[in-house]
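> Mind folding the following:
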Amino acid sequence: MNIIIITGASSGMGREFALQMDLYFTNIDEFWLISRNEEKLKKVAGLLTHKTRILPMDVTDSRNLDTLEDILIEQNATVRMLINCAGFGLMGSFVEQSALSMIRLNCEALTEMTHRMIPYMRRNSRIIQLASSAAFLPQPDFAVYAATKSYVLSFSRALNEELKPFGITVTGVCPGPVDTPFFDIAEQNGSTLAIKKYVMASPDKVVNQALRDSYYRHAMSVYSLPIKILHVLSGAVPHGIILNVMELMKKKGM
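Residues are numbered from 1 along each chain as shown. Model prediction:
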C-alpha cells in the first residue's frame, strides 16, 4: 500500500499540502494525516477524495512514533512521501520566553520522524521538510525559531545528498511570510517587521511551488522574487550588515 504522511496536517501549510496532493497524486492508496487536533483532522479528511487515515498524536512523544511504526508494519505500507509541516514559532525576547518546545517540535521531532520513516520508503520516494526564509540568517526577537529552521534546512540539504544513492529526494521548503494561522501564535508576545506583511504569500502558491520543486528533485524550494533576493543577499552580504539594516527598519516601523 502506497501512502503519504503529512504532519501538522490540521491547518496551515499541512492542510494545503493535503488538499493539493489529493488532486494530483492518483497512485496513492491512503493519506495519513497527523496532528494533535483530532476535530480539525476530521474536517480536512472530509475534504479529500482519497481514503484517509487520521492519526491524532503529538509527534514530540516517541511513544506515538512507536505506534505509527506499528501501524505501518501492520498495513505493509510504503511511504511514498513524507511531508513534515508540524512546527511553530514565537516572537519576542529570548530571555522572556520558554523556547525548548520549539526546539523539540521543529528540530527533534522532525528528525526522529524522518529517521523512522526512511526504512519504509523505496526508490523515488520523497521527503519535504518545511523550513523557512528565517533559516537564511539570524533574526533577533525570533532567535530560536530562526535557528530551528536553519537546522531544518541544513539537515534537509545534507540528507538529500546522503539519500541520492537510494533514489530518495529531500526538499527543504523556505517560504517567507505565508498567510496561515502561524502568526496568530507567533505574534502573541512580539511582532514581525511591517515590511514582511507586504511580501505575505498565499499557502496554495507556496505549496504548488514546493511540490513542483520536489518533483524535479530540487534540494530547496524558495517561493517569490523578494524571498529569492533575500536568499542571494544572505549568502553574499555579511550578516552583520543585514542585521544592522533590519534593526534600523524596526526602529523606523518598517
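> where's residue 59 relative to residue 52, distance?
Using CB to CB, to the nearest Å, one gets 18 Å for the distance from residue 59 to residue 52. Heads up, the C-betas are built off the backbone N, CA and C, glycines and all.
> what about residue 129, is that helix, strand or coil?
strand (DSSP: H, G, I helix; E, B strand; the rest coil).
> give the contact list for the residue lying closest to it once chain neighbours are set aside.
Leaving aside its sequence neighbours, residue 129 sits nearest to residue 156 (CB to CB, 6 or more residues apart in numbering; 4.4 Å). Going by CB atoms under 8 Å, 6 or more residues apart in numbering, residue 156 touches 127, 129, 131, 170-172, 219.
> Assumed residue 159 was part of a helix.
Yes. Checked against three-state DSSP, residue 159 lies within a helix.
> Look at it and report its pLDDT.
Looking at residue 159, its pLDDT stands at 98.
> Which strand or helix spans the closest residue in space to it that isn't next to it in sequence?
Of all residues not flanking residue 159 in the chain, residue 170 sits nearest, at 4.8 Å (CB to CB, 6+ apart). Per DSSP states H and E, residue 170 falls inside strand 169-173.
> now for that strand, which elements pack on it?
Using 3 or more CB pairs under 8 Å, 6 or more residues apart in numbering; DSSP states H and E, the elements in contact with strand 169-173 are strand 126-130, helix 143-163, helix 203-215, strand 220-221.
> Check those for me and report the most buried one.
Of all the helices and strands packed on strand 169-173, strand 126-130 has the most neighbours on average by mean count of other CB atoms under 10 Å, namely a mean of 25.
> That one versus strand 169-173: what angle between them?
Orientation of strand 126-130 against strand 169-173 (axes from the mean of the first three to the mean of the last three CA atoms, to 10 degrees) gives an angle of 20 degrees.
> CA-only coordinates of stretch 167-180, as PDB, when you get a sec.
What follows is stretch 167-180 as a C-alpha-only set of coordinates in PDB (Å, rounded to 0.1, in the frame of the first residue of the first chain):
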ATOM      1  CA  GLY A 167      16.700   7.400  -5.100                       C
ATOM      2  CA  ILE A 168      15.100   9.300  -2.300                       C
ATOM      3  CA  THR A 169      14.800  13.100  -2.600                       C
ATOM      4  CA  VAL A 170      14.700  15.600   0.200                       C
ATOM      5  CA  THR A 171      13.400  19.200  -0.400                       C
ATOM      6  CA  GLY A 172      13.700  21.900   2.100                       C
ATOM      7  CA  VAL A 173      10.900  24.500   1.600                       C
ATOM      8  CA  CYS A 174      11.900  28.100   2.600                       C
ATOM      9  CA  PRO A 175       8.900  30.400   2.200                       C
ATOM     10  CA  GLY A 176       8.800  33.900   3.500                       C
ATOM     11  CA  PRO A 177       5.700  35.000   5.500                       C
ATOM     12  CA  VAL A 178       2.700  32.900   4.500                       C
ATOM     13  CA  ASP A 179      -1.000  33.800   5.200                       C
ATOM     14  CA  THR A 180      -1.700  31.000   7.700                       C
END
